[in-house]
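Trainee: Turn this into a model:
(one chain, ligands or ions: 1)
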Amino acid sequence: MTPTPPTFDKPVRRTVFVADLKCYMCGTVCGSIESEQSLDGATRGPRPVLLRKPGESTVTQVADWRRERCTRCHGPLYLDESDVVTRRVDSYNWLDERPRRGRPPKRLLEERRRERELAESQAA
Ligand SMILES: [Zn+2]
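Mentor: Take a look at the predicted model:
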């Protein structure tokens with residue numbers, strides 16, 4: 001199995017597919033899964049996803065969420081409330097987003113110069 005190289009095409013935002021893992025039998029939500037690929041293609045074989053269990057802050061990678069079983073009754077799980085979220089990548093450099101400060105327009109500088117010359121000529 002070859003690791004997929006990281007892609008740098010879109011460093012700013014990342015689309016993540018998330019869904020709750022719910023039990024067919026008792027309806028318990030046994031965690032939520034995250035994947036960078038669509039979760040809709042359920043028939044195209046298992047894909048590794050990140051599993052976050054309720055009450056735990058760490059995520060674990062599971063090769064096939066279908067092998068997971070309900071923590072309460074060991075029933076089979078299905079995906080519920082699937083959603084697509086867009087996240088900003090943490091390493092994003094906000095300083096690049098600062099609006100560039102332009103110099104004052106030339107017309108304004110010209111006006112100020114004329115006013116100063118007028119004031120000087122009146123003072124003389
Ligand atoms: Zn259950």
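Trainee: give me phi/psi at the residue lying closest to P76 once chain neighbours are set aside?
Mentor: Once flanking residues are discounted, P76 sits nearest to Y24: 5.0 Å by CB to CB, 6 or more residues apart in numbering. Just so you know, the C-beta spots here come from the backbone N, C-alpha and C atoms, and that holds for glycine as well. Per-residue torsions, Y24: phi -60, psi -40 (degrees, to the nearest 10).
Trainee: Hmm, Y78 and Y24 touching each other?
Mentor: Yes: using CB atoms under 8 Å, Y24 is in contact with Y78, at 5.8 Å.
Trainee: Could you list the residues of the protein in contact with the ion?
Mentor: 23, 25-26, 28, 70, 72-73, 75 (CB under 5 Å from the ion).
Trainee: out of the residues you listed, which are inside strands?
Mentor: C23 (DSSP state E).
Trainee: Any of the residues of the chain next to the ion buried? List them.
Mentor: Buried members of these, scored by 16 or more other CB atoms under 10 Å, are 23, 28, 70, 75.
Trainee: Was I right to think the first one contacts D80?
Mentor: No: shown here, C23 and D80 do not form a contact pair, counting by CB under 8 Å, at 9.6 Å.
Trainee: Let me see the mean pLDDT of stretch 35-48.
Mentor: Averaged across stretch 35-48, pLDDT comes to 72.
Trainee: Pull up the distance across it, start to finish.
Mentor: End-to-end distance of stretch 35-48 (CA to CA, to the nearest Å): 8 Å.
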